[in-house]
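Chemist: Got a sequence here, can you build the structure:
(chains A, B, C and D)
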Number of protein chains: 2
Amino acid sequence: MSQTLDDVAKTAGVSRSTVSRVINAHPNVSADTRSRVEHAIEKCGYRPNAVARSLATNRTNIIGIVVPESVTKLFTDPYFPLMLRGATEACNRNGYHLILSLFTGSIDSDVMHDRIARSGYIEGVVLANSSLDEMLVPSLFKEGIPFVNIGRHPDDRVNYIDVDNLGGARMATEHLIRMGHTRIATIAGPNNMAPGQDRLEGFLEVMRAHRLPVSKEMIAEGDYTEAGGRAAMMQLLNVRPTAVFASSDTMAIGAIKAIRAANLAIPDDISVIGFDDIPSGLTIDPELTTVRQPIEQIGRLAVETLFNVISDSTSGKREASVHRLVLPTELVIRKSCGHGMSRKD
Amino acid sequence: MSQTLDDVAKTAGVSRSTVSRVINAHPNVSADTRSRVEHAIEKCGYRPNAVARSLATNRTNIIGIVVPESVTKLFTDPYFPLMLRGATEACNRNGYHLILSLFTGSIDSDVMHDRIARSGYIEGVVLANSSLDEMLVPSLFKEGIPFVNIGRHPDDRVNYIDVDNLGGARMATEHLIRMGHTRIATIAGPNNMAPGQDRLEGFLEVMRAHRLPVSKEMIAEGDYTEAGGRAAMMQLLNVRPTAVFASSDTMAIGAIKAIRAANLAIPDDISVIGFDDIPSGLTIDPELTTVRQPIEQIGRLAVETLFNVISDSTSGKREASVHRLVLPTELVIRKSCGHGMSRKD
DNA sequence: GATAGTGTTGGGAGCGCTTCCAGGGAGGGG
DNA sequence: CCCCTCCCTGGAAGCGCTCCCAACACTATC
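Modeler: The predicted structure is shown next:
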C-alpha cells in the first residue's frame, strides 16, 4: 500500500505537521530535522496524495480546455493540435494538468455541460473557439467558473484572447488589390462565429474604401471544411472573379481544387488567398498565400490568461478586471496570387 | 459558499448518510425521503465535491493520455486529433475525464515523468505511440499505474493496441507488384518505433517472396515529417525506382513533392503509395493511394482497454491477463499508383 | 404473541492532507 | 537572574465525502 504522511512521520520520529512543512518548503524547520525527514521520505518512497491535498487546500492544479460541438468536426484541422500544443506547454511550465473535453455528439451536450461546469476538479476553463451563441458561456457564469474564450465574445464580462481578424482580412484584401485585382470574391466563414464575421467585415471595409463593387454573388459562405470551400468556390465560379479571399486555408484548398476542376489555372486565371497558415498550405500546388495567425501562442496565452483570471478570483477581488488580448496577424506571400488583369479599365 | 452534504441534510431534515445514499442511488431509501432529499438538493443548488468524493472512494474518474517527446513534433499530423477524438469519445461515454500530457521539451522530461506517474489524479494512462525505448514504461510499471500502449511493445507485460502494420505494408507492396512494378523503393519510418519496423518488414517480406531485389539504396529512412519524406525521396531518385512505398502519408506527400521537383510525373514515372489515410491524402494531386488504419477507433479502443485494465487491477486480481488487440488495415486505391513498365523483362 | 427477518435511518470513523494554535526551548536585553 | 522574543515543533481540527455498523421500526411466520 502507498505510504502516508504518518508513516513518514513515524520513521523520521517527528510529527505529521513537520513532514508536511518539509514537503511544502515551509521555512520554519531546522536544517537538522529537515534532512532527517527528507531521508525518511526517500526511504518510504513516499509521494503525497494529490487528491487529499486538493481537498485540504481547495486547489487542484487542473484546468480544462473545451472544444464545443460546433467545431469538433474541424478538429482535424491543424489549428487545434497547434493550439493544444501551446496550451499544454503553458500548463507544463506551471505545474498544471489539462483536461481535454471534446464534444463528440455521442453524448447529450447538457450532460457534458454539467460535467464540465460542475466537475469539481477544474479550476478554470479555456473555451476553444466557441460560437457566439455557445450555451456553455452562461453555464460557466452561473457556476462561477473562471474561463477564457479563444475568439472575441460580445458579452463584456467574458475574458478572451483573439487575433486581429479584421486587420488580417484587410491585409489580404489590400494585397489582392495591390496586385491589380478588382473582381474579388470571398468565401466567408459561418456567420455565428466571430472570426467569420470579422474576416468578412475586414474584406468589405477595404473593398468599400477602394470603391470596388461587392455584389451578393461575390460572397459565398463555407463551413471551414475543404468540401465547404470547394462548394462555395463552384458557386463563385459563375461570376468569374479574378481573385478569392477565403476565410481559412482549409477552405482555400477546397477552392483551389474547385478551380482546378474547372480547368482554370492558379494564379493565372484566379488568385487565391487563405487565412491561418496551416502546414498543408505548403503542400498544395501552388503554395498558398495566406494570413498567418500565431496559433501556438494563442493556446499558450489563453492558458496564461486563465491563470490570471483564476488568481484574481481566488484573491477575492470582487469586481476583477476583464482580461483581453488581441494578437497581430501577418501576411505570408507565396505563390497562389498573381497579377490581376484589370488595370486596363 | 458552496453547499455541502450537511447543508442539504439539514434542510431535508435527514442525516448526511441518507443524502449520500440518494445521490449514489442506493436502493435502501424510502420513496418519501428520497423525494424530500431531492427537493432539498434542488433548493440548495447542491453539487457534490468531486475531490472529497475521490478521497473517500479512492477513484478519480480521470485517465491520462501522454504523447512522448519523440512524437510531439508530429502532433500536427492529423493522426493525433483523430486519435484524440476517439479517446475523448470513449471517455465521455463512460463519465471519465481525459488529461492530455504532451511532452513539449520546454520542461525536463524527468519532471514530466514524475508528474504523470505520481500525479495522484490519474487512474491509468494511454501511452500514445511511444518509441520502443520509451523511458516512461518502466516508470509506469514501477509506480504500478495501469497503462495501455498504442503500438506493440516488446515487453510482454505491456497491454497494447496496434494495427496490422505488417499486413498493411504487405498489401501496399503486393499492390505495387500487381501493377507490374519491380523496382520498388521504400521510405521507412524511424527504426526505434514499432510501426516503422513492421512496415519495413512487411515490405521486405513481400519483395523477398516475389524474388524482387531490394538493395540498400532502395531503402531510405524518414522521420514521418513531410520534409523527411522529401529528403528521403531525393536520395532514392538516384536509383530511379518506378514505385515507392512510404511508411506514412505525410512522408508520401513529401516524396510526391520531391518527384515533382525533379520534373517527373506521378504516377507515370513513379508511383507512390502511403500509409495512414489522412485527409490531406485527398488534397494532394494526384490523390494518394494508401493503407487505411482506423485511427479514431484506435483511440477509442485504447481507452476502453485501459478501463478493463483498471478494473482488473482494482478487483485485485494478482496476475491479471495482458490485454492486446490488433486492428486490421485496408488498402485504399486512388490515383498515385500506375502500371509499372517492367513487364517486359 | 414472541421471534426472525426486512427495509430504512443515523452515527461515526476514516480517506490523507493542511494549517491554526499553543507550548517549549534558546537567546538577548534589562 | 528574570522576562520577553523568536524559532521550532506537536496536537488537533478540519476539508466533504463514503460506508460500515448499530438501531429501530414494521411485517411475516409459527
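Chemist: who's in contact with residue A:163?
Modeler: Residues near residue A:163 by C-beta atoms under 8 Å, 6 or more residues apart in numbering or on different chains: A:195, A:293, A:294, A:298, A:326, A:327, A:328, A:329. (C-beta placed from N, C-alpha, C; glycine too.)
Chemist: before we move on, which element is the closest residue to residue A:22 other than its chain neighbours in?
Modeler: Of all residues not flanking residue A:22 in the chain, residue A:37 sits nearest, at 4.4 Å (C-beta to C-beta, 6 or more residues apart in numbering or on different chains). Using DSSP states H and E, residue A:37 falls within helix A:31-44.
Chemist: Not counting sequence-adjacent ones, nearest residue to residue A:176?
Modeler: In space, residue A:176 is closest to residue A:243, 4.5 Å off (C-beta to C-beta, 6+ apart).
Chemist: from what I can see the one you found touches residue A:268, true?
Modeler: No. Look at residue A:243 against residue A:268 with C-beta atoms under 8 Å: they stay out of range, at 11.7 Å.
Chemist: what about those two, which has more around it?
Modeler: Counted by other C-beta atoms under 10 Å in any protein chain shown, residue A:243 and residue A:268 do not tie: residue A:243 has more neighbours, with 28 against 11.
Chemist: Looking at the contacts of residue A:163, spot the one nearest DNA strand C.
Modeler: Nearest to DNA strand C out of those is residue A:298 (C-beta to the nearest atom of the strand; 33.2 Å).
Chemist: ok, now which ones touch the closest one?
Modeler: Applying C-beta under 8 Å, 6+ apart, one finds that residue A:298 lies in contact with A:83, A:86, A:150, A:161, A:163, A:327.
Chemist: confidence score at the residue nearest to residue A:176?
Modeler: Looking at residue A:243, its pLDDT reads 97.
Chemist: try residue A:66
Modeler: 91.
Chemist: repeat for residue A:32
Modeler: So, for residue A:32, pLDDT stands at 85.
Chemist: The nearest residue to residue A:130 once chain neighbours are set aside: neighbour count?
Modeler: With C-beta to C-beta, 6+ apart as the criterion, residue A:130 has its nearest non-adjacent residue at 4.9 Å, and that residue is residue A:68. When counting by other C-beta under 10 Å, one arrives at 21 neighbours for residue A:68.
Chemist: ok, now which ones touch residue A:68?
Modeler: A:103, A:127, A:128, A:129, A:130, A:131, A:134, A:136.
Chemist: For the last one, give its distance to residue A:64.
Modeler: Shown here: residue A:136 relative to residue A:64, a distance of 11 Å by C-beta to C-beta, to the nearest Å.
Chemist: Show me which residues of chain A sit near DNA strand C.
Modeler: By C-beta under 7 Å from any atom of the strand, the residues of chain A that approach DNA strand C are A:2, A:4-6, A:16-17, A:20-21, A:23-24, A:46-49, A:52-53, A:55-57.
Chemist: Going by neighbour count, which of these are buried?
Modeler: Buried members of those, scored by 16 or more other C-beta atoms under 10 Å in any protein chain shown, are A:4, A:5, A:20, A:21, A:23, A:46, A:47, A:48, A:49, A:52, A:53, A:55.
Chemist: who touches the worst-scoring helix or strand of chain A on mean pLDDT?
Modeler: None of the helices or strands of chain A scores lower by mean pLDDT, DSSP states H and E than helix A:69-72, at a mean of 73. Helix A:69-72 is contacted from outside by A:102-105, A:109, A:128-131, A:134, A:192-193, B:85, using C-beta under 8 Å, 6+ apart.
Chemist: Quick check, pLDDT for residue A:343.
Modeler: pLDDT, residue A:343: 39.
Chemist: Repeat that for residue A:116.
Modeler: 76.
Chemist: The stretch of helix or strand it belongs to near chain B at all?
Modeler: Assigned by DSSP H and E, residue A:116 belongs to helix A:109-117. Yes. On the criterion C-beta under 8 Å from any C-beta of the partner chain, helix A:109-117 is in touch with chain B at A:112, A:115.
Chemist: same question, stretch A:213-223
Modeler: No. Using C-beta under 8 Å from any C-beta, stretch A:213-223 stays clear of chain B, coming no nearer than 14.9 Å.
Chemist: So which bits of that stretch are buried?
Modeler: A:218, A:219, A:220, A:221, A:222, A:223.
Chemist: which residues does the residue of the stretch 101-250 of chain A found nearest chain B contact?
Modeler: When scored by C-beta to the nearest C-beta, the stretch 101-250 of chain A has residue A:120 as its residue closest to chain B, at 3.0 Å. With contact taken as C-beta under 8 Å, 6+ apart, residue A:120 is in contact with B:47, B:48, B:49, B:50, B:51, B:53.
Chemist: How about the contacts made by the third one?
Modeler: Listed by C-beta under 8 Å, 6+ apart, the contact set of residue B:49 reads A:55, A:120, B:2, B:4.
Chemist: rewinding a little: same list, the contacts of residue A:120, but only the ones touching DNA strand D.
Modeler: Okay, of the contacts of residue A:120 touching DNA strand D (C-beta under 7 Å from any atom of the strand), that's B:48, B:49, B:53.
Chemist: from those residues, which is closest to DNA strand C?
Modeler: Taking those together and measuring to DNA strand C by C-beta to the nearest atom of the strand, the closest member is residue B:53, at 8.8 Å.
Chemist: The closest one is in what secondary structure piece?
Modeler: helix B:50-57.
Chemist: do the same with residue A:126
Modeler: For residue A:126, the element it lies in under DSSP H and E is strand A:125-127.
Chemist: Of the contacts of residue A:120, which pair is most distant in space?
Modeler: Spanning the widest gap among those are B:47 and B:51, at 12.0 Å by C-beta to C-beta.
Chemist: Now the residue in the stretch 101-250 of chain A positioned nearest to DNA strand C: closest residue in space, sequence neighbours ignored.
Modeler: Closest approach between the stretch 101-250 of chain A and DNA strand C, counting by C-beta to the nearest atom of the strand: residue A:120, at 14.6 Å. Once flanking residues are discounted, residue A:120 sits nearest to residue B:50: 3.0 Å by C-beta to C-beta, 6+ apart.
Chemist: picking that back up, any idea of the pLDDT on the residue of the stretch 101-250 of chain A closest to chain B?
Modeler: Residue A:120 carries a pLDDT value of 81.
Chemist: any idea whether it is helix, strand or coil?
Modeler: coil (DSSP: H, G, I helix; E, B strand; the rest coil).
Chemist: Next up, phi/psi of it, please.
Modeler: Dihedral pair for residue A:120: phi 90, psi -20, per degrees, to the nearest 10.
Chemist: Extract the C-alpha set from stretch A:137-148 and format it as PDB.
Modeler: C-alpha atoms of stretch A:137-148 as PDB (Å, rounded to 0.1, in the frame of the first residue of the first chain):
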ATOM      1  CA  VAL A 137     -20.900  30.500 -21.500                       C
ATOM      2  CA  PRO A 138     -24.000  31.100 -19.400                       C
ATOM      3  CA  SER A 139     -23.400  27.800 -17.500                       C
ATOM      4  CA  LEU A 140     -19.900  28.800 -16.700                       C
ATOM      5  CA  PHE A 141     -21.000  32.200 -15.400                       C
ATOM      6  CA  LYS A 142     -23.700  30.600 -13.400                       C
ATOM      7  CA  GLU A 143     -21.400  28.200 -11.800                       C
ATOM      8  CA  GLY A 144     -18.800  30.900 -11.300                       C
ATOM      9  CA  ILE A 145     -16.100  29.100 -13.100                       C
ATOM     10  CA  PRO A 146     -13.300  31.300 -14.300                       C
ATOM     11  CA  PHE A 147     -12.900  31.000 -18.100                       C
ATOM     12  CA  VAL A 148     -11.200  32.500 -21.100                       C
END
